[in-house]
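Asker: Dropping the sequence and predicted coords here.
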Amino acid sequence: MVTVFVGAKRKAYSLHKDLLVERCPFFEKCLKDSYKEGRENQVYLVEESPAVFDRFVTFIYHNHVDKIVTSPDNSLAVRAFVLADKFCMAKFQNALIDAIACFYETYDVSVPDLDFINGHVLSNSKIKALLIDQMAYDIIRSENNDQPDLIAKEVSGLIRRGGDLATEIFWAVRNADPERKDWPSNWCYRSSYHSHETDDTRECCRKRKDTEKSDEE
């Protein structure tokens, strides 16, 4: 077993070493016998959030990301994506993308979540692309439905602040197809926001569709 201490208060997690090494490249490296962590079977992640790390533990043991039903849970999932990025876990990232995208089929993108992602991932990150594309779609939809409050209340402050993110949102809205009927988060587009080891997105798309049908049943 390995004890992982998470957060400023060092919440302790007792986890199976073989699972960590098998499923997480980060732990595979740091738990080698040549490192102190590997010899003592203790890892300190004081800068991480226990609430976010809980999502990692669930995925490690169950290979699954729970369905997101509230905005706070979605914010934790967004932050878990950043953790998965640090841990080099593409499968965890893809599962989080699916759960987050499902949530966005009902709810609008949170500006604080997009702001967080913008400051913690690379500019070409898949999740950043999803959030910006989905926000652009939400803005277009609100304009078509005569509901400009979305722009005025949620996005205008971010736009006024300027910078690269404001520019990206502007162009995403400018280039969006106003006739588009499906959300970017719809299952048929979701594979575009996944990290693939190969270029076969068709098989990935089929799996996502089958997974959602199973969840609905």
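Answerer: Alright, I've got the coordinates.

Asker: What separation do you get for Y107 and S156?
Answerer: Applying C-beta to C-beta, to the nearest Å, the value for Y107 to S156 is 19 Å. From N, CA and C alone the C-beta is placed, and that goes for glycine too.

Asker: for the chain, which helix is longest?
Answerer: Counting residues, the longest helix found in the chain (DSSP state H) is helix 126-144.

Asker: for the residue lying closest to K17 once chain neighbours are set aside, phi and psi?
Answerer: Leaving aside its sequence neighbours, K17 sits nearest to V2 (C-beta to C-beta, 6 or more residues apart in numbering; 4.6 Å). Main-chain torsions, V2, degrees, to the nearest 10: phi -120, psi 140.

Asker: now swap in F27 and tell me
Answerer: Per degrees, to the nearest 10, the backbone of F27 is at phi -70, psi -30.

Asker: Burial check on it, number of neighbours?
Answerer: 22 (other C-beta atoms under 10 Å).

Asker: Quick check: the gap between it and L20.
Answerer: From F27 to L20 the distance is 4 Å (C-beta to C-beta).

Asker: Touching both of these two, which residues are there?
Answerer: Residues touching both F27 and L20 (C-beta atoms under 8 Å, 6 or more residues apart in numbering): V2.

Asker: Can you show me the helices along this protein?
Answerer: Taking DSSP H, the helices of the chain run over residues 17-23, 25-30, 36-40, 50-62, 71-86, 90-104, 111-120, 126-144, 149, 156-161, 164-174, 187-190, 201-216.
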